[in-house]
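Undergrad: need a structure here:
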Amino acid sequence: MEDDVDRLIAAWQHERPDLDVSPMHVLSRVTRLALHLDRARKDAFEDQGLEPSEFDVLSALRRAGEPYQLSPGQLVQETLVTSGTMTNRVDRLVRKELVDRLPDPADRRGVQVRLTSQGREAVDGALDALLMAEKKLLAGLTPAEATQLADALRKLSQPFDR
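TA: The predicted structure follows:
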């Protein structure tokens, strides 16, 4: 069963037989799957009026558990963006009434970002839609194949984890 990546690799092997293009067998497919996942994420979040970057912030707050709040620094660590980027994202979410900024009781100069009830509804709805889309993307795999793929990807990505 040939796919687009097989054809791409064959073309490179023809044009550049001096190169070992074997990494493309895995990583070109990962790249193409990432594009499909990005589209699925955007579609899943659209119904909730969210951008993927907004979902990332809201989901970090939701995963934190009650009272669904984190400091901006914790949000930066959870989402792997700069503090300036996080400030802009939180500003947008405050305007949409999906989060509130609250004074940090432990630090008079600090703030906490808390998920509002509207934000919780939005992130929960977006997560439901995302999981449905992701299940469709994985539909061609058996549960055992999905587990095997997850294990291999975990091994591949571990050096990049914090």
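Undergrad: send me the longest strand along the chain as CSV with only the CA atoms.
TA: If you go by DSSP state E, the chain has its longest strand at strand 107-115. The C-alpha coordinates for strand 107-115 follow below in CSV (Å, rounded to 0.1, in the frame of the first residue of the first chain):
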residue,chain,number,x,y,z
ASP,A,107,2.2,37.7,46.3
ARG,A,108,0.7,41.2,46.3
ARG,A,109,2.5,42.0,43.0
GLY,A,110,1.3,38.8,41.3
VAL,A,111,-1.9,37.6,39.7
GLN,A,112,-3.7,34.3,39.2
VAL,A,113,-5.6,33.4,36.0
ARG,A,114,-8.8,31.6,36.7
LEU,A,115,-11.2,29.8,34.4
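Undergrad: which strands and helices lie in contact with that strand?
TA: Applying 3 or more CB pairs under 8 Å, 6 or more residues apart in numbering; DSSP states H and E, one finds that strand 107-115 makes contact with helix 52-63, strand 69-70, helix 72-79, strand 99-104. In this view, the C-beta of every residue, glycine as well, is placed from N, C-alpha and C.
Undergrad: export these as CSV, with columns for distance to M1, mean neighbour count and mean pLDDT.
TA: Output for the helices and strands packed on strand 107-115, formatted as CSV (distance: least, CB to CB, whole Å; neighbours: other CB atoms under 10 Å; pLDDT from 0 to 100):
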stretch, distance to M1, mean neighbour count, mean pLDDT
helix 52-63, 31, 20, 96
strand 69-70, 45, 20, 96
helix 72-79, 37, 17, 93
strand 99-104, 46, 16, 94
